[in-house]
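Q: How does the following fold in three dimensions:
(chains A and B)
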Amino acid sequence: MWRIEHHPILGDLKKQKKVLITLDGEQIEACEGEMVAAALMADGHRILRWTKKNDEPRGIFCAIGRCTDCVMIVNGVPNVRTCVTPVEDGMVIETQKGIGSWGKIE
Amino acid sequence: MTRTEILVIGAGPAGLSAAIESARAGARVLLIDENAAPGGQLFKQIHKFFGSREHRAGTRGLDIGTQLLAETRELGIGVMLSTEACAIYPGHEVWTVCEGKKSALIKTDCLIIATGASENAVSFPGWTLPGVMGAGAAQTMININRVLPGRHVLMLGSGNVGLIVSYQLLQAGAEVEAVVEAAPEIGGYGVHSAKIRRAGVPFYTSHTVVEARGREHVEEAVVAALDSNWRPLADSEQVFAVDTICLATGLTPLAELAWLAGCRFTYIPALGGHIPWHDKTMQSSIPGLYVAGDIAGVEEASTAMEEGRLAGINAAASLGYYATERREELSEQVRQRLAALRSGPFGDGRRSAKEEILNA
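A: Numbers count the residues shown, from 1 in each chain, chains lettered A, B, ... in the order given. Model (predicted):
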């Protein structure tokens, strides 16, 4: 829905290997190797976490791994910067509440 | 412990150029970067660069990036990616952590820090809502990730970053509803502003964003006119229905490592704030520690590459790879190109600001 399929300078979007990830239990199709935050935005998800004190939503802010606004729980690990974390098949992503919590790590 | 002659931190335009020049001189070079891919912010620069042919003008940033990576490979430069520099100890020992797991100490004779800059934020009510983001962040989303961060965008800031990203948002298929600029004049080059003006994007100079509204993400931007003292004028508010507000409000050098190393700093607002002092060879107050690119004063990728070359040539020469005469000859060529890039109405301010560093 938000992917840029055609571009006057960069050309058409190259075919990438599609994989399935889950966001809060819901399955989402993503491209292998793309950044998690980009995959979520392409699927229309703009809220990546909720703040600890005031329960406010946060989304992508710097997109280059500096600001930590996009941290989420990835495969059970909290505070992962999703704008610089590549998608892997079967990745389990959770919207982070506050400072997050450690889940089961395989 | 790993040993090298020249360690370059940061594989953006400045760091790549520094590594290439050092290796060309014959020095053993190691280049590290915290990101998984080299190039820094070059690959999202899909526009053609300015300058003369020696500055690779007319070539798109991403193509320059591809060329630099090819040269890096041809010269056999060691590149360590996903590697963060976490500390610098006296004697040029750098503690690195690779992929968040492996710790390694690198001992080097010369160190070149080329860590770049990060975008400034502006705070107004609602600025933390999803949908408010750096202009560079939007540029990364559209040109690297190929995902539109929004359909209807308002750009705050009309410097070159704001203008170029506005145009690239249009190219990516977004609507740019307005470019808002607090100053009375558009900040960037006329060639960039003309392109988006022709596309029908309205400019609001002497205006700023006073609020971002929305329940869970941006739904509206409130824009107000400013008086000559930069204060919002009463009853001047206009509301734009947008889902994204981009902040193109300048950059600040990423100078943490230079602070850690104990470099002397100068404060020069025109170059982004606190800058590690450096001489005309790009050497900092610490012998053998060089800085290049945006960390040495925020400018452009083209000047960053030249500063990288200057640092690389002089670091290699300090290790005996060039005789004094040859070093001067090569450095002078680079300085002339830098002077050309810092000329004209847009370059003069940067040139005098860079001279201010030398006198600080």
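Q: what's the nearest residue to the residue of chain A at minimum distance from chain B if we skip its chain neighbours?
A: Distances between chain A and chain B by CB to the nearest CB are smallest at residue A:59, namely 2.7 Å. The way it works is simple: take the backbone N, C-alpha and C, and place the C-beta from them, glycine included. Excluding the flanking residues, the one nearest residue A:59 by CB to CB, 6 or more residues apart in numbering or on different chains is residue B:130, at 2.7 Å.
Q: how about residue B:150, phi and psi?
A: Phi and psi for residue B:150, reported as degrees, to the nearest 10, are phi -170, psi 170.
Q: typo on my end, it should be residue B:211
A: Note on residue B:211: backbone dihedrals following degrees, to the nearest 10 are phi -160, psi 140.
Q: okay but it is in contact with residue B:126, surely?
A: Yes. Look at residue B:211 against residue B:126 with CB atoms under 8 Å: they come within range, at 5.4 Å.
Q: Give the bridge partners for residue 93, please.
A: This is for chain A. For residue A:93, the beta-bridge partners are residue A:23, residue A:74 (DSSP bridges).
Q: The chain in question should be chain B.
A: Bridge pairing for residue B:93 (DSSP bridges) gives the partners residue B:89, residue B:107.
Q: how near is it to residue B:3?
A: Residue B:93 sits at a distance of 10 Å from residue B:3 (criterion: CB to CB, to the nearest Å).
Q: which one of those two has more residues nearby?
A: residue B:93 (15 against 11; other CB atoms under 10 Å in any protein chain shown).
Q: Report the contact partners of that one.
A: B:1, B:105-108 (CB atoms under 8 Å, 6 or more residues apart in numbering or on different chains).
Q: Closest one to residue A:14 out of these, please.
A: Closest approach to residue A:14 among these (CB to CB): residue B:106, at 36.0 Å.
Q: can you list the residues of chain A near chain B?
A: Residues of chain A found near chain B (CB under 8 Å from any CB of the partner chain) are A:2-4, A:7-10, A:13, A:34-35, A:38, A:41-42, A:46-48, A:56-67, A:69, A:83-84, A:86.
Q: and these, which are buried?
A: A:2-4, A:7, A:10, A:34-35, A:38, A:41-42, A:46-48, A:57-67, A:69, A:83-84, A:86 (16 or more other CB atoms under 10 Å in any protein chain shown).
Q: What about those residues, which are in strands?
A: Counting by DSSP state E, those place A:57-58 in strands.
Q: Below-threshold pLDDT in the stretch 1-150 of chain B: ranges please.
A: B:51-56 (pLDDT under 70).
Q: and stretch B:105-116, C-alpha only, in CSV?
A: Only the C-alpha atoms of stretch B:105-116 are listed here, as CSV (Å, rounded to 0.1, in the frame of the first residue of the first chain):
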residue,chain,number,x,y,z
LEU,B,105,40.7,-3.5,20.6
ILE,B,106,42.3,-1.9,17.6
LYS,B,107,45.7,-0.2,17.9
THR,B,108,46.4,2.3,15.2
ASP,B,109,49.2,4.8,14.4
CYS,B,110,46.7,7.4,13.0
LEU,B,111,43.0,7.7,13.5
ILE,B,112,40.6,9.5,11.2
ILE,B,113,37.1,10.2,12.7
ALA,B,114,34.5,10.7,10.0
THR,B,115,31.3,10.1,11.9
GLY,B,116,29.1,12.6,10.1
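Q: Any buried residues in it, and which?
A: Judged by neighbour count using 16+ other CB under 10 Å, the buried positions of stretch B:105-116 are B:106, B:108-116.
Q: same question, stretch B:83-91
A: Buried residues in stretch B:83-91, counted by 16+ other CB under 10 Å: B:83, B:85, B:88.
Q: got it, and stretch A:14-30?
A: By 16+ other CB under 10 Å, the buried positions in stretch A:14-30 come out as A:19, A:21, A:23, A:28, A:30.
Q: Check the offset of that stretch from the chain's centre.
A: 10 Å (CA atoms, centre = their mean, to the nearest Å).
Q: now stretch B:142-159
A: 18 Å.
Q: One more: stretch B:134-154?
A: The answer for stretch B:134-154 is 17 Å, by CA atoms, centre = their mean.
Q: ok, now stretch B:16-25?
A: That offset, for stretch B:16-25, works out to 19 Å (CA atoms, centre = their mean).
Q: swap in stretch B:37-50?
A: 10 Å.
Q: got it, and stretch B:8-27?
A: For stretch B:8-27, the distance to the chain centre is 16 Å (CA atoms, centre = their mean).
Q: Ok, stretch B:33-42 next?
A: 12 Å.
Q: so what's the residue nearest to residue A:76 when sequence neighbours are not counted scoring on pLDDT?
A: Nearest residue to residue A:76 in three dimensions, chain neighbours excluded: residue A:103, at 3.3 Å (CB to CB, 6+ apart). The score at residue A:103 is 75. That number is its pLDDT.
Q: pretty sure residue A:103 is in contact with residue A:73, am I right?
A: Yes. Residue A:103 lies in contact with residue A:73 (CB under 8 Å); the separation is 6.5 Å.
Q: Have a look at those two and say which one is more surrounded.
A: residue A:73 (22 against 14).
Q: quick one: the more buried one and residue A:96 touch, right?
A: Yes. In this structure residue A:73 lies within contact range of residue A:96 using CB under 8 Å: 5.2 Å.
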